[in-house]
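Participant: Output the structure for:
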Amino acid sequence: MNSTSGDSGLLRAGDVRVAGTRRFTGTRRQPWIELVALALAGAVLGYLVKIPCRFGGGWLSAGRQHEYGCYSDIFPLYFRDGLDTGVLPYLERPVEYPVLIGGLMHVIARAVAWLPDEQTRASGYFDLTALVLGACLVVVAVNTGLLAGHGGISAEGRPFDRKAALLAGGFTAVAPAAFLTAYINWDLLAAALLAGGLLCLARGRQWAGGAFIGLATAAKFYPFLVFGPLLVLAIRECLRKEGGFTAGDFLRPLGGAAIAWTAVNLPVYLAAPEGWATFFRFSRERVVDWGSAYYVLGSFGLFDAGNRDLVNLTGMVALAVACAGIAVLGVAARRPPRPEQLVFLVVAAFVVTNKVWSPQFVLWLIPLAALAWPRTVPFWGTAVAFGLWQLAEIGYFFGIWQHLLYITLQAEGVSGGLGPGGYAAVALGRPATVLGVCVLTVADCLRNADSGG
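Facilitator: Model prediction:
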(Lines give C-alpha, C1' and ligand atoms only; values in the text may rest on other atoms or scores of the structure.)
Protein backbone atom coordinates (compact mmCIF):
# COMPACT_ATOMS: atom_id res chain seq x y z
CA MET A 1 0.00 0.00 0.00
CA ASN A 2 1.60 3.23 -1.05
CA SER A 3 1.06 6.84 -0.21
CA THR A 4 0.18 9.18 -3.07
CA SER A 5 0.77 12.81 -3.69
CA GLY A 6 -0.10 15.27 -6.44
CA ASP A 7 2.57 16.04 -9.01
CA SER A 8 2.65 19.63 -7.85
CA GLY A 9 3.53 18.69 -4.27
CA LEU A 10 6.70 20.08 -2.73
CA LEU A 11 9.65 17.78 -2.19
CA ARG A 12 11.12 17.71 1.27
CA ALA A 13 14.82 17.27 1.80
CA GLY A 14 15.82 13.68 1.25
CA ASP A 15 12.74 12.83 -0.83
CA VAL A 16 13.00 11.50 -4.35
CA ARG A 17 10.50 11.01 -7.16
CA VAL A 18 9.92 7.38 -8.15
CA ALA A 19 9.60 7.08 -11.91
CA GLY A 20 6.18 6.00 -13.15
CA THR A 21 4.42 6.50 -9.83
CA ARG A 22 2.89 9.36 -7.89
CA ARG A 23 4.48 8.56 -4.57
CA PHE A 24 7.50 10.01 -2.87
CA THR A 25 9.99 8.05 -0.88
CA GLY A 26 12.32 9.31 1.76
CA THR A 27 15.16 8.28 4.03
CA ARG A 28 13.20 8.53 7.26
CA ARG A 29 13.54 5.93 10.00
CA GLN A 30 11.67 2.67 9.83
CA PRO A 31 8.51 2.77 12.00
CA TRP A 32 9.12 -0.36 14.07
CA ILE A 33 7.44 0.95 17.21
CA GLU A 34 4.37 2.23 15.39
CA LEU A 35 3.92 -1.01 13.45
CA VAL A 36 4.26 -3.14 16.57
CA ALA A 37 1.79 -0.91 18.42
CA LEU A 38 -0.76 -1.16 15.61
CA ALA A 39 -0.37 -4.94 15.46
CA LEU A 40 -0.76 -5.28 19.23
CA ALA A 41 -3.94 -3.20 18.99
CA GLY A 42 -5.25 -5.57 16.32
CA ALA A 43 -4.32 -8.60 18.44
CA VAL A 44 -6.17 -7.19 21.46
CA LEU A 45 -9.22 -6.28 19.38
CA GLY A 46 -9.28 -9.84 18.05
CA TYR A 47 -9.32 -11.20 21.61
CA LEU A 48 -12.08 -8.80 22.66
CA VAL A 49 -14.27 -10.18 19.87
CA LYS A 50 -14.09 -13.58 21.57
CA ILE A 51 -14.98 -12.38 25.08
CA PRO A 52 -18.67 -13.43 24.92
CA CYS A 53 -17.53 -16.97 24.20
CA ARG A 54 -14.36 -17.03 26.28
CA PHE A 55 -15.92 -15.63 29.45
CA GLY A 56 -19.66 -15.83 28.75
CA GLY A 57 -19.96 -19.53 28.00
CA GLY A 58 -20.81 -18.96 24.34
CA TRP A 59 -18.71 -21.90 23.18
CA LEU A 60 -20.89 -24.25 25.16
CA SER A 61 -23.95 -23.35 23.07
CA ALA A 62 -23.99 -23.33 19.27
CA GLY A 63 -26.79 -20.78 19.27
CA ARG A 64 -25.02 -18.34 21.56
CA GLN A 65 -21.64 -18.46 19.83
CA HIS A 66 -23.34 -17.84 16.49
CA GLU A 67 -25.53 -15.09 17.89
CA TYR A 68 -22.52 -13.29 19.39
CA GLY A 69 -20.25 -13.96 16.40
CA CYS A 70 -17.46 -15.32 18.58
CA TYR A 71 -17.00 -18.81 17.13
CA SER A 72 -13.50 -20.30 17.03
CA ASP A 73 -12.21 -23.70 15.88
CA ILE A 74 -9.55 -23.59 18.58
CA PHE A 75 -11.79 -24.38 21.55
CA PRO A 76 -13.85 -27.33 20.20
CA LEU A 77 -10.87 -28.94 18.45
CA TYR A 78 -9.07 -29.08 21.78
CA PHE A 79 -11.59 -31.79 22.70
CA ARG A 80 -12.31 -33.26 19.26
CA ASP A 81 -8.66 -34.00 18.50
CA GLY A 82 -7.95 -35.45 21.94
CA LEU A 83 -5.61 -32.65 22.97
CA ASP A 84 -7.31 -32.57 26.36
CA THR A 85 -6.15 -36.15 27.01
CA GLY A 86 -2.62 -35.77 25.65
CA VAL A 87 -3.20 -37.60 22.36
CA LEU A 88 -0.29 -37.21 19.92
CA PRO A 89 -1.44 -35.73 16.59
CA TYR A 90 -0.82 -37.94 13.54
CA LEU A 91 0.69 -40.78 15.58
CA GLU A 92 -2.33 -41.54 17.77
CA ARG A 93 -5.08 -39.62 15.99
CA PRO A 94 -5.37 -38.19 12.47
CA VAL A 95 -5.41 -34.39 12.18
CA GLU A 96 -6.86 -32.50 9.23
CA TYR A 97 -4.11 -29.86 9.31
CA PRO A 98 -0.51 -29.82 8.01
CA VAL A 99 2.22 -30.75 10.46
CA LEU A 100 3.24 -27.33 11.80
CA ILE A 101 -0.29 -26.56 12.92
CA GLY A 102 -0.71 -30.04 14.37
CA GLY A 103 2.57 -29.62 16.23
CA LEU A 104 1.59 -26.21 17.54
CA MET A 105 -1.74 -27.56 18.76
CA HIS A 106 0.01 -30.32 20.70
CA VAL A 107 2.72 -28.10 22.21
CA ILE A 108 0.21 -25.55 23.48
CA ALA A 109 -2.02 -28.31 24.87
CA ARG A 110 0.95 -29.71 26.81
CA ALA A 111 1.83 -26.23 28.06
CA VAL A 112 -1.57 -25.88 29.79
CA ALA A 113 -1.82 -29.50 30.99
CA TRP A 114 -0.87 -28.46 34.54
CA LEU A 115 -4.06 -26.41 35.01
CA PRO A 116 -6.45 -27.95 37.57
CA ASP A 117 -9.57 -28.92 35.62
CA GLU A 118 -10.76 -29.61 32.09
CA GLN A 119 -12.64 -26.35 31.56
CA THR A 120 -9.76 -24.24 32.86
CA ARG A 121 -7.33 -26.12 30.64
CA ALA A 122 -9.54 -25.57 27.58
CA SER A 123 -9.81 -21.86 28.28
CA GLY A 124 -6.07 -21.64 28.95
CA TYR A 125 -5.45 -23.49 25.69
CA PHE A 126 -7.42 -20.84 23.79
CA ASP A 127 -5.69 -18.00 25.65
CA LEU A 128 -2.19 -19.29 24.94
CA THR A 129 -3.07 -20.02 21.32
CA ALA A 130 -4.42 -16.49 20.96
CA LEU A 131 -1.18 -15.14 22.44
CA VAL A 132 0.89 -17.06 19.89
CA LEU A 133 -1.37 -16.01 17.01
CA GLY A 134 -1.29 -12.42 18.26
CA ALA A 135 2.51 -12.55 18.05
CA CYS A 136 2.10 -13.89 14.50
CA LEU A 137 -0.09 -10.89 13.66
CA VAL A 138 2.70 -8.62 14.87
CA VAL A 139 5.14 -10.41 12.57
CA VAL A 140 2.76 -10.15 9.61
CA ALA A 141 2.07 -6.44 10.11
CA VAL A 142 5.69 -5.44 10.74
CA ASN A 143 7.10 -7.46 7.84
CA THR A 144 4.35 -6.28 5.48
CA GLY A 145 4.96 -2.69 6.50
CA LEU A 146 8.73 -2.93 6.06
CA LEU A 147 8.35 -4.65 2.70
CA ALA A 148 5.91 -2.00 1.47
CA GLY A 149 8.18 0.75 2.76
CA HIS A 150 11.08 -0.62 0.74
CA GLY A 151 8.93 -0.72 -2.39
CA GLY A 152 8.39 -4.47 -2.65
CA ILE A 153 10.37 -7.60 -3.36
CA SER A 154 12.24 -6.35 -6.41
CA ALA A 155 12.66 -2.65 -5.54
CA GLU A 156 16.41 -2.60 -4.88
CA GLY A 157 17.98 0.65 -3.78
CA ARG A 158 14.77 2.59 -3.20
CA PRO A 159 14.75 4.91 -0.19
CA PHE A 160 12.44 3.79 2.57
CA ASP A 161 8.87 5.15 2.40
CA ARG A 162 7.70 5.55 5.96
CA LYS A 163 4.13 6.47 5.09
CA ALA A 164 3.71 3.49 2.78
CA ALA A 165 5.00 1.23 5.56
CA LEU A 166 2.51 2.61 8.08
CA LEU A 167 -0.40 2.36 5.66
CA ALA A 168 0.35 -1.23 4.66
CA GLY A 169 1.24 -2.44 8.14
CA GLY A 170 -1.66 -0.60 9.73
CA PHE A 171 -4.15 -1.96 7.23
CA THR A 172 -2.84 -5.48 7.83
CA ALA A 173 -3.05 -5.10 11.61
CA VAL A 174 -6.31 -3.29 12.30
CA ALA A 175 -8.54 -3.87 9.27
CA PRO A 176 -11.78 -5.06 10.92
CA ALA A 177 -11.86 -8.19 8.77
CA ALA A 178 -8.40 -9.06 10.10
CA PHE A 179 -9.05 -8.82 13.83
CA LEU A 180 -12.55 -10.28 13.54
CA THR A 181 -11.11 -13.48 12.04
CA ALA A 182 -7.70 -13.55 13.75
CA TYR A 183 -8.50 -16.32 16.23
CA ILE A 184 -10.94 -18.48 14.29
CA ASN A 185 -8.19 -20.85 13.19
CA TRP A 186 -4.39 -21.03 12.96
CA ASP A 187 -4.01 -19.21 9.61
CA LEU A 188 -1.89 -16.41 11.10
CA LEU A 189 0.95 -18.88 11.65
CA ALA A 190 1.25 -19.47 7.90
CA ALA A 191 0.76 -15.77 7.14
CA ALA A 192 3.61 -14.82 9.51
CA LEU A 193 6.02 -17.34 8.01
CA LEU A 194 5.10 -16.23 4.49
CA ALA A 195 5.59 -12.55 5.36
CA GLY A 196 9.02 -13.37 6.76
CA GLY A 197 9.86 -15.29 3.61
CA LEU A 198 8.86 -12.43 1.31
CA LEU A 199 10.93 -9.95 3.33
CA CYS A 200 13.94 -12.26 3.09
CA LEU A 201 13.50 -12.44 -0.67
CA ALA A 202 13.41 -8.65 -0.83
CA ARG A 203 16.72 -8.53 1.05
CA GLY A 204 18.37 -11.04 -1.27
CA ARG A 205 18.33 -13.92 1.22
CA GLN A 206 16.80 -16.35 -1.21
CA TRP A 207 17.54 -19.65 0.53
CA ALA A 208 16.24 -18.29 3.84
CA GLY A 209 13.21 -16.76 2.13
CA GLY A 210 12.42 -20.07 0.50
CA ALA A 211 12.85 -21.87 3.82
CA PHE A 212 10.28 -19.59 5.47
CA ILE A 213 7.87 -20.15 2.59
CA GLY A 214 8.42 -23.91 2.90
CA LEU A 215 7.60 -23.75 6.60
CA ALA A 216 4.53 -21.63 5.81
CA THR A 217 3.43 -24.35 3.38
CA ALA A 218 3.86 -26.85 6.21
CA ALA A 219 1.19 -24.86 8.07
CA LYS A 220 -1.22 -24.07 5.19
CA PHE A 221 -0.96 -24.92 1.51
CA TYR A 222 -1.51 -21.48 -0.04
CA PRO A 223 2.02 -20.04 0.53
CA PHE A 224 3.38 -22.51 -2.02
CA LEU A 225 1.51 -20.54 -4.69
CA VAL A 226 4.25 -17.89 -4.42
CA PHE A 227 6.47 -19.98 -6.65
CA GLY A 228 4.09 -19.67 -9.60
CA PRO A 229 4.72 -15.93 -10.04
CA LEU A 230 8.45 -16.38 -9.43
CA LEU A 231 8.54 -18.99 -12.20
CA VAL A 232 6.61 -16.69 -14.54
CA LEU A 233 9.04 -13.83 -13.93
CA ALA A 234 12.00 -16.17 -14.45
CA ILE A 235 10.51 -17.32 -17.77
CA ARG A 236 10.00 -13.68 -18.72
CA GLU A 237 13.65 -12.93 -18.03
CA CYS A 238 14.72 -15.96 -20.06
CA LEU A 239 12.69 -14.69 -23.02
CA ARG A 240 13.37 -10.97 -22.75
CA LYS A 241 16.76 -10.55 -21.02
CA GLU A 242 15.66 -7.47 -19.05
CA GLY A 243 17.89 -7.97 -16.03
CA GLY A 244 15.02 -9.14 -13.85
CA PHE A 245 14.34 -12.45 -12.06
CA THR A 246 16.60 -15.25 -13.25
CA ALA A 247 16.17 -19.01 -13.10
CA GLY A 248 18.38 -18.98 -10.01
CA ASP A 249 16.09 -16.44 -8.35
CA PHE A 250 13.35 -19.04 -8.70
CA LEU A 251 15.35 -22.22 -8.02
CA ARG A 252 17.15 -21.05 -4.88
CA PRO A 253 13.96 -20.16 -2.96
CA LEU A 254 12.31 -23.32 -4.27
CA GLY A 255 15.24 -25.36 -3.01
CA GLY A 256 15.10 -23.68 0.39
CA ALA A 257 11.36 -24.35 0.59
CA ALA A 258 11.80 -28.01 -0.36
CA ILE A 259 14.48 -28.52 2.30
CA ALA A 260 12.49 -26.81 5.06
CA TRP A 261 9.19 -28.47 4.14
CA THR A 262 10.83 -31.89 4.00
CA ALA A 263 12.65 -31.35 7.30
CA VAL A 264 9.39 -30.91 9.23
CA ASN A 265 7.23 -33.32 7.23
CA LEU A 266 9.51 -36.30 6.74
CA PRO A 267 9.78 -37.32 10.43
CA VAL A 268 5.99 -37.29 10.77
CA TYR A 269 5.56 -39.21 7.51
CA LEU A 270 8.03 -41.88 8.59
CA ALA A 271 6.45 -42.23 12.03
CA ALA A 272 2.80 -42.12 10.95
CA PRO A 273 2.28 -42.16 7.17
CA GLU A 274 -1.51 -42.57 7.41
CA GLY A 275 -1.87 -39.76 9.91
CA TRP A 276 0.42 -37.52 7.89
CA ALA A 277 -1.62 -38.12 4.71
CA THR A 278 -4.90 -37.17 6.39
CA PHE A 279 -4.58 -33.50 5.39
CA PHE A 280 -4.11 -34.33 1.72
CA ARG A 281 -6.85 -36.96 1.71
CA PHE A 282 -9.24 -34.65 3.57
CA SER A 283 -8.58 -31.80 1.11
CA ARG A 284 -9.30 -34.05 -1.86
CA GLU A 285 -12.39 -35.76 -0.45
CA ARG A 286 -13.94 -32.76 1.27
CA VAL A 287 -17.34 -31.71 -0.06
CA VAL A 288 -18.28 -28.11 -0.78
CA ASP A 289 -18.43 -26.01 2.35
CA TRP A 290 -19.60 -22.65 3.60
CA GLY A 291 -18.54 -19.56 1.71
CA SER A 292 -17.79 -21.09 -1.68
CA ALA A 293 -19.70 -20.09 -4.80
CA TYR A 294 -20.38 -23.79 -5.42
CA TYR A 295 -22.21 -24.06 -2.10
CA VAL A 296 -24.35 -21.00 -2.79
CA LEU A 297 -25.21 -22.07 -6.34
CA GLY A 298 -25.91 -25.60 -5.15
CA SER A 299 -28.32 -24.38 -2.48
CA PHE A 300 -30.48 -22.88 -5.26
CA GLY A 301 -30.18 -25.90 -7.56
CA LEU A 302 -27.93 -24.10 -10.03
CA PHE A 303 -24.95 -26.44 -9.58
CA ASP A 304 -24.54 -30.05 -8.53
CA ALA A 305 -22.62 -29.24 -5.36
CA GLY A 306 -23.04 -32.80 -4.10
CA ASN A 307 -20.96 -34.21 -6.95
CA ARG A 308 -17.48 -34.13 -5.40
CA ASP A 309 -15.69 -35.07 -8.61
CA LEU A 310 -17.48 -32.33 -10.54
CA VAL A 311 -16.66 -29.78 -7.86
CA ASN A 312 -12.98 -30.76 -7.79
CA LEU A 313 -12.75 -30.69 -11.59
CA THR A 314 -14.53 -27.35 -11.86
CA GLY A 315 -12.29 -25.81 -9.22
CA MET A 316 -9.09 -27.11 -10.83
CA VAL A 317 -10.08 -25.96 -14.31
CA ALA A 318 -11.16 -22.53 -13.08
CA LEU A 319 -7.93 -22.08 -11.14
CA ALA A 320 -5.84 -23.27 -14.08
CA VAL A 321 -7.54 -20.80 -16.42
CA ALA A 322 -7.02 -17.95 -13.94
CA CYS A 323 -3.35 -18.85 -13.42
CA ALA A 324 -2.82 -19.07 -17.18
CA GLY A 325 -4.19 -15.54 -17.53
CA ILE A 326 -1.93 -14.29 -14.74
CA ALA A 327 1.05 -15.97 -16.41
CA VAL A 328 0.25 -14.23 -19.70
CA LEU A 329 0.06 -10.92 -17.84
CA GLY A 330 3.42 -11.58 -16.20
CA VAL A 331 5.17 -12.50 -19.45
CA ALA A 332 3.44 -10.26 -21.99
CA ALA A 333 3.34 -6.92 -20.16
CA ARG A 334 5.77 -4.40 -21.60
CA ARG A 335 7.53 -4.18 -18.24
CA PRO A 336 7.60 -6.79 -15.43
CA PRO A 337 4.70 -6.54 -12.96
CA ARG A 338 5.68 -6.40 -9.32
CA PRO A 339 6.08 -9.93 -7.92
CA GLU A 340 3.75 -9.23 -5.00
CA GLN A 341 0.99 -8.22 -7.43
CA LEU A 342 1.18 -11.56 -9.22
CA VAL A 343 1.26 -13.38 -5.88
CA PHE A 344 -1.88 -11.56 -4.74
CA LEU A 345 -3.66 -12.39 -7.99
CA VAL A 346 -2.76 -16.09 -7.77
CA VAL A 347 -3.82 -16.44 -4.12
CA ALA A 348 -7.04 -14.53 -4.83
CA ALA A 349 -7.75 -16.90 -7.74
CA PHE A 350 -7.12 -19.87 -5.45
CA VAL A 351 -9.55 -18.53 -2.82
CA VAL A 352 -12.30 -17.60 -5.28
CA THR A 353 -12.20 -20.96 -7.09
CA ASN A 354 -11.83 -23.07 -3.95
CA LYS A 355 -14.64 -25.33 -2.71
CA VAL A 356 -14.14 -23.95 0.80
CA TRP A 357 -13.93 -20.26 1.69
CA SER A 358 -13.77 -19.88 5.46
CA PRO A 359 -14.05 -16.38 6.98
CA GLN A 360 -10.41 -16.40 8.13
CA PHE A 361 -9.10 -16.86 4.57
CA VAL A 362 -9.19 -13.07 4.39
CA LEU A 363 -6.00 -13.21 6.49
CA TRP A 364 -4.25 -14.72 3.46
CA LEU A 365 -5.28 -11.85 1.23
CA ILE A 366 -4.99 -8.72 3.38
CA PRO A 367 -1.16 -8.48 3.60
CA LEU A 368 -0.75 -9.48 -0.05
CA ALA A 369 -3.34 -6.91 -1.13
CA ALA A 370 -1.55 -4.24 0.90
CA LEU A 371 1.70 -5.07 -0.91
CA ALA A 372 -0.04 -5.13 -4.31
CA TRP A 373 -1.72 -1.75 -3.78
CA PRO A 374 -1.98 -0.10 -7.24
CA ARG A 375 0.38 2.83 -7.74
CA THR A 376 -1.02 4.24 -10.97
CA VAL A 377 -4.73 4.03 -10.15
CA PRO A 378 -6.13 7.13 -8.36
CA PHE A 379 -5.92 6.66 -4.61
CA TRP A 380 -9.63 7.26 -4.08
CA GLY A 381 -10.56 4.58 -6.63
CA THR A 382 -8.38 1.96 -4.98
CA ALA A 383 -9.56 3.00 -1.52
CA VAL A 384 -13.19 2.55 -2.58
CA ALA A 385 -12.45 -0.90 -4.02
CA PHE A 386 -10.60 -1.96 -0.86
CA GLY A 387 -13.36 -0.49 1.31
CA LEU A 388 -16.09 -2.39 -0.52
CA TRP A 389 -14.07 -5.59 -0.23
CA GLN A 390 -13.60 -5.13 3.50
CA LEU A 391 -17.30 -4.34 3.97
CA ALA A 392 -18.13 -7.55 2.11
CA GLU A 393 -15.78 -9.52 4.37
CA ILE A 394 -17.31 -7.99 7.49
CA GLY A 395 -20.79 -8.67 6.15
CA TYR A 396 -19.90 -12.30 5.55
CA PHE A 397 -18.28 -12.67 8.96
CA PHE A 398 -21.51 -11.75 10.70
CA GLY A 399 -23.70 -13.30 7.99
CA ILE A 400 -22.27 -16.80 8.27
CA TRP A 401 -22.84 -16.95 12.03
CA GLN A 402 -26.38 -15.61 11.64
CA HIS A 403 -27.05 -18.19 8.94
CA LEU A 404 -25.77 -20.99 11.17
CA LEU A 405 -28.00 -19.59 13.91
CA TYR A 406 -30.90 -19.73 11.44
CA ILE A 407 -30.17 -23.41 10.76
CA THR A 408 -29.92 -24.17 14.49
CA LEU A 409 -33.21 -22.42 15.26
CA GLN A 410 -34.95 -24.04 12.30
CA ALA A 411 -34.10 -27.45 13.73
CA GLU A 412 -35.78 -26.36 16.95
CA GLY A 413 -38.85 -25.00 15.15
CA VAL A 414 -37.98 -21.39 15.97
CA SER A 415 -37.52 -18.52 13.54
CA GLY A 416 -34.52 -16.21 13.53
CA GLY A 417 -31.11 -15.67 12.03
CA LEU A 418 -30.23 -15.10 8.39
CA GLY A 419 -32.08 -17.15 5.79
CA PRO A 420 -30.74 -18.64 2.54
CA GLY A 421 -31.39 -15.53 0.45
CA GLY A 422 -29.56 -13.21 2.81
CA TYR A 423 -26.72 -15.67 3.21
CA ALA A 424 -26.34 -15.97 -0.57
CA ALA A 425 -26.08 -12.18 -0.83
CA VAL A 426 -23.30 -11.85 1.75
CA ALA A 427 -21.50 -14.92 0.40
CA LEU A 428 -21.45 -13.69 -3.21
CA GLY A 429 -20.40 -10.22 -2.12
CA ARG A 430 -16.93 -11.52 -1.30
CA PRO A 431 -15.94 -12.90 -4.71
CA ALA A 432 -17.46 -9.86 -6.41
CA THR A 433 -15.40 -7.39 -4.38
CA VAL A 434 -12.21 -9.49 -4.40
CA LEU A 435 -12.44 -9.63 -8.18
CA GLY A 436 -12.88 -5.85 -8.17
CA VAL A 437 -9.57 -5.45 -6.36
CA CYS A 438 -8.01 -7.93 -8.80
CA VAL A 439 -9.22 -5.89 -11.78
CA LEU A 440 -7.55 -2.75 -10.39
CA THR A 441 -4.37 -4.73 -9.75
CA VAL A 442 -4.31 -5.99 -13.35
CA ALA A 443 -5.00 -2.47 -14.63
CA ASP A 444 -2.11 -1.18 -12.54
CA CYS A 445 0.20 -3.85 -13.95
CA LEU A 446 -0.70 -2.80 -17.50
CA ARG A 447 -0.64 0.95 -16.86
CA ASN A 448 2.60 0.71 -14.93
CA ALA A 449 4.10 -1.29 -17.79
CA ASP A 450 2.88 1.15 -20.42
CA SER A 451 4.11 4.17 -18.47
CA GLY A 452 7.56 2.72 -18.12
CA GLY A 453 7.42 2.78 -14.33
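Participant: the bottom helix or strand of the chain by mean pLDDT?
Facilitator: Ranked by mean pLDDT, DSSP states H and E, the weakest helix or strand in the chain is strand 16-17, scoring a mean of 34.
Participant: How many neighbouring residues does Leu48 have?
Facilitator: 12 (other Cβ atoms under 10 Å). All C-beta spots, glycine's among them, are computed from the backbone N, C-alpha and C.
Participant: residues touching it, list them.
Facilitator: Leu48 makes no contacts at all, as judged by Cβ atoms under 8 Å, 6 or more residues apart in numbering.
Participant: Now do the contacts for Arg240.
Facilitator: So Arg240 contacts nothing (Cβ under 8 Å, 6+ apart).
Participant: you'd agree Arg29 is up against Asp161?
Facilitator: No: the criterion here is Cβ atoms under 8 Å, and Arg29 misses it with Asp161 at 11.9 Å.
Participant: quick one: Arg375 from Ala113, how far?
Facilitator: Remark: distance between Arg375 and Ala113 (Cβ to Cβ, to the nearest Å) = 51 Å.
Participant: hang on, the earlier thing: give me the more crowded residue out of Arg29 and Asp161.
Facilitator: Higher neighbour count among Arg29 and Asp161: Asp161, with 25 against 9, using other Cβ under 10 Å.
Participant: hang on, isn't Asp73 packed against Tyr183?
Facilitator: No: between Asp73 and Tyr183 there is no contact under Cβ under 8 Å: 9.2 Å.
Participant: These two: which is more packed in?
Facilitator: The residue with more neighbours, out of Asp73 and Tyr183, is Tyr183; 28 against 15, by other Cβ under 10 Å.
Participant: Tell me the confidence at that one?
Facilitator: At Tyr183 the predicted local confidence, pLDDT, stands at 98.
Participant: In contact with it, which residues?
Facilitator: Gly46, Tyr47, Val49, Lys50, Ser72, Ile74, Phe126, Thr129, Ala130, Leu133.
Participant: which SS class is it?
Facilitator: coil (DSSP: H, G, I helix; E, B strand; the rest coil).
Participant: now it: how far from Leu45?
Facilitator: Applying Cβ to Cβ to Tyr183 and Leu45 gives a distance of 11 Å.
Participant: got it, and Gly330?
Facilitator: 37 Å.
Participant: next one: Asp187
Facilitator: Taking Cβ to Cβ, one finds Asp187 at 17 Å from Leu45.
Participant: Those two: who's more crowded?
Facilitator: Asp187 (23 against 16).
Participant: Show me which residues of whichever helix or strand Phe227 is part of are buried.
Facilitator: Using DSSP states H and E, Phe227 sits within helix 227-240. For helix 227-240, the neighbour count (16 or more other Cβ atoms under 10 Å) marks Phe227, Gly228, Pro229, Leu230, Leu231, Val232, Leu233, Ala234, Ile235, Arg236, Glu237 as buried.
Participant: Then stretch 123-130?
Facilitator: In stretch 123-130, counting by 16+ other Cβ under 10 Å, buried: Ser123, Gly124, Tyr125, Phe126, Leu128, Thr129, Ala130.
Participant: Same check on stretch 374-389?
Facilitator: In stretch 374-389, counting by 16+ other Cβ under 10 Å, buried: Pro374, Arg375, Thr376, Val377, Phe379, Thr382, Ala385, Phe386, Leu388, Trp389.
Participant: now stretch 257-264
Facilitator: Here stretch 257-264 shows Ala257, Ala260, Trp261, Val264 as buried, counting by 16+ other Cβ under 10 Å.
Participant: What distance do you get for Val140 to Asp127?
Facilitator: Distance from Val140 to Asp127, by Cβ to Cβ: 20 Å.
Participant: likewise Glu67?
Facilitator: 23 Å.
Participant: element containing the spatially closest residue to Gly197 that is not a sequence neighbour?
Facilitator: Nearest in space to Gly197, with sequence neighbours left out and distances taken as Cβ to Cβ, 6 or more residues apart in numbering, is Phe212 at 3.3 Å. Phe212 belongs to helix 206-217 when assigned by DSSP H and E.
Participant: elements contacting that helix?
Facilitator: On a contact count with 3 or more Cβ pairs under 8 Å, 6 or more residues apart in numbering; DSSP states H and E, helix 206-217 meets helix 187-202, helix 247-271.
Participant: Recalculate using a threshold of 10 Å.
Facilitator: Applying 3 or more Cβ pairs under 10 Å, 6 or more residues apart in numbering; DSSP states H and E, one finds that helix 206-217 contacts helix 99-111, helix 187-202, helix 227-240, helix 247-271.
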